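S.K.: what's the 3D shape of this:
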Amino acid sequence: MSVPPSPNHKLTWAEKGKLFVSLSCLTRLSSNKASSKNIELLFDIDNSHQQESAHSSLIEMGLDSASQNALESRWTTQYSVKWGHGTQEQKRTLFQCACGYHVQARQQRESNKGMNCKTENWERWVPYPFTACLAHVEVTEQVRDQVISRIASIVEHNSQCHAAVLERLPPIPLHNHVYEVALEQLRNGASLTAIQETNRKMLEAKTYQGLDKELGYDPPLQPQYNVDDWLNCKSRSFRPEIAAAVFHYSAQADAGDQFEICISTPEMDDCACKYAHHSQLVLDGTFGVCSSRLLLFIALTVDEDNKGIPVALFLFSAETGAKATHASYNSAILEKLIRTWKLRLETKFGSFEPYSAITNTDTKEHGALVRIWPQIILLICKFHLRQCWTNHRKKSLRCKAPEFWKNHVRTVLQKLEVDLLATVDYSIATNILVNHKHFFDTLILNPEAKRASEAGLEHVKYLQNYWMSRSLWESWSECGRLAAAARIGIPIEGIIPTTNHLESFNAVLKRKYVARYLRSGHRLRFDALILLLIYHRHLLVLQQTYHENEKESARLRRCICWWPLDEERNQRARLHSISWTGSSEVVTYVARCNPSGSGPTPYRVSISSSGIALCTCTDFYNNGKACKHMRALRIVIDSWIAEGHISSAFYYPATFEKAQNIQQAAKTPLPAPSSANSITAAPAEDFLEADWAMLQAIAAGANDTDDASVSLDRSYAGVGVGEGFSPQEGITAQITHRLAQEVRFLLPRLYGVENALSDLDTCPTSLELTEFQQVIESLASCLLTLQKCSPSNPSVQVPNITSTGNALAGNLSAGKQSRSKLCAPSPEAKQQRKISNSTI
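M.R.: Numbering: from 1, shown residues only. Down below sits the predicted model:
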């Protein structure tokens, strides 16, 4: 178009011809041409206030540059034209809502132009479904400085468009360097296979340019200075969007400081208030996610679909000079950071208190949680618990005993562990251990079984001495889950038994999103990790949500009864008792059919004269179509019609489209699968390379007992949990036994050190001995402090919380020349994670 249209007009028919809409939508566009829905805004290019208003309008419509580049954007560019030269060059762009884009209209238009020779209908690849939405916007702006002169649009989306969700993954833009390399190879005559091989090698070698800029950090600057600049409001590199997501920051300015940063975006805050307040919380840590080997602790909750949602991220380092990461990882640092998060949520929402929390067997996490929320019900992950028991059982059975007796004792101990996990009464749990102790005392009289029986007794004593204090038993038995379910007010099946949701998130984060930014095997810089957690977390949620919605949508599309020819199912049809219900308009026959396998629950089958049929079997739930149970009921109904017992005519749709039309007209809810055959998938299974489903199955197997179905109407105070539920006592018992084990191991060595020192006339000087003396003095001070504390009234020192809210490092210098020197976190050469599932 050589001459641009006058900006005083609405959208012309020629411009509307650029929209890919159906015929009915085109008619509606004509009727809306003079209506109030069609707006036109003119702006003075020299008026700064009007330009601010114009850009605000684009942000409100979702047409600013950030919104357009978002993968979930609903707008598509359908038409663009430029005119003028130099500083006077202008551009007009026509945007159309993706829900109004009609793929067949585009196919017909290109066919009329001779650009398309295919006769079959094109497949829709737009991420959103077609809802006949008329929304479209035309923007006229200057090319050089994006000064807006005109916005004309129909901005109102229809109700179906507002309710529409992603049906498929949106197209992801190709990286510029990837495109340049591939284009150069095409010019040189390379084949598609060669281009793909080069792309794979360059991706593995991390040789594509500009990938560091995708995360938006400055590689020449050290990570601690990058983070400090982003959070310093006086710095030129200050980023308010990062400051809004970071609720606690402490730089490592001195040798005694620790680097601390805590992240919670506004969306995560909302999820914490909605799903974790008066509900469940999962807490665990992961290491090895960045170059400085920082500790990353994640607080996670579950939504109404039992999907894990991270609600807070705590990143901190060990103290300068520490020999290992866990040297500065204790309850105090966790309490400080979690309490800061609690204060943020209380300031924002008024109150925040999880009723239940599940962690691994580490007492440091337990201690931090119970100090912040004294009434919280602490649960121990059943997988980590079984790992502790399994490790000790294997260690005990490493004896020279006949394999028959070792296998027999192993089977008895495994059954013992399963029975203990299912107990809801403390006296029953103790009696189980007493009975097994008596069993092994009797079995030990057999000479051949003596050593295996001694191993069994050792494991029983381990369970009695370490895991059977009442408060600790309440945290891992079924009793604790009953208490949590009663307090939250949900069925016991809603209490998650393991931390697999969080382990799944860790696996996705490390193996999918962090791995893509690694360079030559080096770990990710921690400033890049912070940006990844803040800016790119929505990619994980978007893709995970898409896959879940895609699977559910595909299942719902399949889960509609239609009747294709299937002789195999007809021959396998088996039917049992039949009952009849109905009305004058629609007759429905309902039958019960026992599973062909060992399932105890009969399937419920129903067929209506209107053409709707349902069954609770997994075949129909997963695949749709008429299952063998429906076909068996149809055989009976057809025989009754032939014999004249039924006068109503029954309709059996032969195609999926006909069945779908009947289902939509009746709006009949689709059935849930039979409880006898229900399958629960591990969270985020589409992303996992590790077999997390196996871990969930182990924990679920430990809970597969009749006691698990105890009614919540029963008073849980009668099964040992109530006002006396004291997690602190269980934590104290764990720490006491762990200290006893460590002291038993260290005492002989300490006596040896004492004897060696007694042979010296002068005090030796070395760094090791100096550090040893400092540790001994610190231990003596700790023991003296604990002895002064009364057991009935222990003193708990609450850490001082600093650097919260928006005042993030505001006292730090903005200029790089005058700022204080910051220490790099975690300077130790090598670190090992403290194993939380040790046998004690």
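S.K.: the residue nearest to P223 when sequence neighbours are not counted - how many residues pack around it?
M.R.: Spatial nearest neighbour of P223, excluding adjacent residues (C-beta to C-beta, 6 or more residues apart in numbering): D527 at 3.9 Å. C-beta coordinates here come from the backbone N, C-alpha and C atoms, glycine included. Applying other C-beta atoms under 10 Å, we find 27 residues neighbouring D527.
S.K.: any idea how far D527 lies from Q258?
M.R.: Remark: distance between D527 and Q258 (C-beta to C-beta, to the nearest Å) = 17 Å.
S.K.: spatially nearest residue to V289, not counting backbone neighbours?
M.R.: Leaving aside its chain neighbours, V289 sits nearest to L296 (5.3 Å; criterion: C-beta to C-beta, 6+ apart).
S.K.: which residues in the stretch 101-250 of the chain form strands?
M.R.: 136-142, 148-154, 246-250 (DSSP state E, counting those that start in this stretch).
S.K.: same question, the stretch 501-650 of the chain
M.R.: Assigned by DSSP E, counting those that start in this stretch, the strands in the stretch 501-650 of the chain fall at 578-582, 587-593, 603-608, 613-615.
S.K.: the second one pairs with which strands?
M.R.: To tie it back to what came earlier, the one meant is strand 587-593. Applying DSSP bridges, strand 587-593 is found paired with strand 578-582 (antiparallel), strand 603-608 (antiparallel).
S.K.: CA atoms of the longest one as CSV?
M.R.: Think strand 603-608. Provided in CSV are the C-alpha atoms of strand 603-608 (Å, rounded to 0.1, in the frame of the first residue of the first chain):
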residue,chain,number,x,y,z
TYR,A,603,-17.7,-51.9,38.0
ARG,A,604,-20.8,-49.8,37.6
VAL,A,605,-22.2,-49.8,34.0
SER,A,606,-25.1,-47.8,32.7
ILE,A,607,-26.7,-47.3,29.3
SER,A,608,-29.4,-44.7,28.5
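S.K.: pLDDT on that strand, on average?
M.R.: The pLDDT scores in strand 603-608 average 86.
S.K.: tally of neighbours for A485?
M.R.: 22.
S.K.: sticking with it, tell me its helix or strand.
M.R.: Using DSSP states H and E, A485 maps to helix 478-488.
S.K.: flag every buried residue along stretch 257-267.
M.R.: Across stretch 257-267, burial judged by 16 or more other C-beta atoms under 10 Å covers 257-265.
S.K.: which of those has the weakest pLDDT?
M.R.: D257 (77).
S.K.: does that residue touch S250 like I think?
M.R.: Yes - in terms of C-beta atoms under 8 Å, D257 counts as a neighbour of S250; the distance is 6.9 Å.
S.K.: now P173. Nearest residue, chain neighbours left out?
M.R.: Take P173 and drop its neighbours on the chain: the residue closest to it by C-beta to C-beta, 6+ apart is N69, 8.0 Å away.
S.K.: tell me, what's the model's pLDDT at the one you found?
M.R.: Reported pLDDT for N69: 78.
S.K.: what about the helices in the stretch 1-150 of the chain?
M.R.: In the stretch 1-150 of the chain, the helices defined using DSSP state H, counting those that start in this stretch lie at 13-16, 23-31, 48-61, 65-69, 103-112.
S.K.: show me the one of those that comes nearest L518.
M.R.: Shortest distance between L518 and the helices of the stretch 1-150 of the chain, using C-beta to C-beta, is found for helix 65-69: 24.4 Å.
S.K.: can you list the buried residues in that closest one?
M.R.: Applying a neighbour-count criterion of 16+ other C-beta under 10 Å, one finds S67 buried in helix 65-69.
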